[in-house]
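>>> Sequence and predicted structure are below.
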Amino acid sequence: MSDESSGRHPEPVVVATYHDRGEAEVTTAHLRANGIESFILDEIGATLPVGFEGGVCVAVHAQDAEEARRVLGVDPAD
């Protein structure tokens, strides 16, 4: 049984963190223009990840994380 069929959804994955909300908004627009639904975590009241050091997080659905990182040119090891 998949997460979707059981009514559960995987946690969003943070793909970028910024000091400025404006930068995060530009990133979400860039991802959306590339067909990837993205959001700023504080827009939806999401819990911040463990070890969060501050800033504004841009997240995507778990299944889109790899593609989002590719679009943003982010190394997953960063």
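In hand now; what should we look at?
>>> in a helix, that's where residue 39 is, yeah?
No: Residue 39 is assigned strand when assessed by DSSP: H, G, I helix; E, B strand; the rest coil, not a helix.
>>> Hmm, residue 40 is touching residue 25, no?
Yes: using Cβ atoms under 8 Å, residue 40 is in contact with residue 25, at 7.1 Å. Yep, even glycine has a C-beta here, placed from its N, CA and C like the rest.
>>> so where do the strands sit in this protein?
13-18, 38-40, 56-60 (DSSP state E).
>>> residue ranges with poor pLDDT in this protein?
1-9, 42-54, 76-78 (pLDDT under 70).
>>> Okay, helices next: where are they in it?
For the chain, the helices defined by DSSP state H occupy 21-33, 41-44, 65-72.
>>> what's the angle from the longest one to strand 13-18?
Relative orientation of helix 21-33 and strand 13-18, computed by axes from the mean of the first three to the mean of the last three Cα atoms, to 10 degrees: 140 degrees.
>>> who are the neighbours of helix 21-33, in terms of helices and strands?
strand 13-18, strand 38-40, strand 56-60, helix 65-72 (3 or more Cβ pairs under 8 Å, 6 or more residues apart in numbering; DSSP states H and E).
>>> try it again with 10 Å
Using 3 or more Cβ pairs under 10 Å, 6 or more residues apart in numbering; DSSP states H and E as the contact test, the elements touching helix 21-33 are strand 13-18, strand 38-40, helix 41-44, strand 56-60, helix 65-72.
>>> Out of the ones you listed, indicate the one that is most buried.
strand 56-60 (a mean of 23; mean count of other Cβ atoms under 10 Å).
>>> coming back round to it: nearest to residue 73, out of the strands of the chain?
Nearest of the strands of the chain to residue 73, taken as Cβ to Cβ: strand 13-18 at 10.3 Å.
>>> Run through the neighbouring helices and strands of the closest one.
Strand 13-18 packs on helix 21-33, strand 38-40, strand 56-60, helix 65-72, going by 3+ Cβ pairs under 10 Å, 6+ apart.
>>> is it possible to export these to TSV including distance to residue 12?
Compiled in TSV, the helices and strands packed on strand 13-18 are given as follows (distance: least, Cβ to Cβ, whole Å):
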stretch	distance to residue 12
helix 21-33	12
strand 38-40	7
strand 56-60	4
helix 65-72	9
